[in-house]
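Student: Give me a model of this one.
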Amino acid sequence: MAFINAKLETLVRYLGMVFLLIAIPFTIISDYILMNNSFIFLLYVISFFLWLLFFILLKFEIDLITDNEIILQKLLLIFTCIMGIVSILLIIFLMELRFLILYLIQTISIIMLIYCWNFSLSIFKRKKYIFILSGVVYLLLTLVFDIPSLNINKISDIFVFENFFRIVSVLLTLIGLIFIILGELRMKKKGLLNYI
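Tutor: I've put the predicted structure just below:
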């Protein structure tokens, strides 16, 4: 009976999670266009890819991954820090400062979006806070650093290849966050959801 009562809210939550998942490839394509540099993009992909792979494998509940989740997260964090330091040094010595800023902002941004998607349907309070915080950080970084750099002078410019992917990724993330939060608030109001 509870499932029937929460059917609409559950659907809305899952739709929100799907929107967040679709936002990830849109963001990656947008970042590739924005970076306009294969070397920086390669460093960027190496920095986030293992996180994405790890969270996807978690969704499939593979024993090796779920049994060692905390250890693997710590190893990934260490790898990301090392990768970040190596990337920063490479960019400082080989390229301009603007590429360093671009790399750091886009890497943090995509990792935040991946975290947001991963914890989107969690009913654990701590993970729900991570979901909201990571989503907000992603949106803030994108709105402050990326959107102003887009060349939009009229409505039709939104559909220009360079602008389209970034705008869609922001909209998908925003809609995903709203859907999940509203769905869960309605479920809580009906007494059908309690965070642990």
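Student: Tell me how many other residues crowd residue 136.
Tutor: Neighbours of residue 136 under the rule other CB atoms under 10 Å: 14. Placement of C-beta: from N, CA and C, glycine included.
Student: tell me the contacts of it?
Tutor: Residue 136 makes no contacts at all, as judged by CB atoms under 8 Å, 6 or more residues apart in numbering.
Student: Can you check the pLDDT for the residue most central in space within the chain?
Tutor: Closest residue to the average C-alpha location of the chain: residue 113 at 0.9 Å, with CA atoms, centre = their mean. Looking at residue 113, its pLDDT stands at 96.
Student: now do residue 177
Tutor: For residue 177, the pLDDT comes out at 96.
Student: what's the answer for residue 157, then?
Tutor: Confidence at residue 157, expressed as pLDDT, is 64.
Student: go on, the one 10 residues further on?
Tutor: pLDDT for residue 167: 91.
Student: which SS class is it?
Tutor: helix (DSSP: H, G, I helix; E, B strand; the rest coil).
Student: Near it, how many other residues are there?
Tutor: For residue 167, using other CB under 10 Å, the count is 20.
Student: Kindly report the same for residue 65.
Tutor: Residues near residue 65, counting by other CB under 10 Å, number 17.
Student: on that earlier part again, name the element the residue nearest to the centre of the chain belongs to?
Tutor: For residue 113, the host element (DSSP states H and E) is helix 97-118.
Student: just to revisit the earlier point, report whether the expected contact of the residue nearest to the centre of the chain with residue 174 is present.
Tutor: No - the pair residue 113 / residue 174 is not scored as a contact, 11.7 Å apart, by CB atoms under 8 Å.
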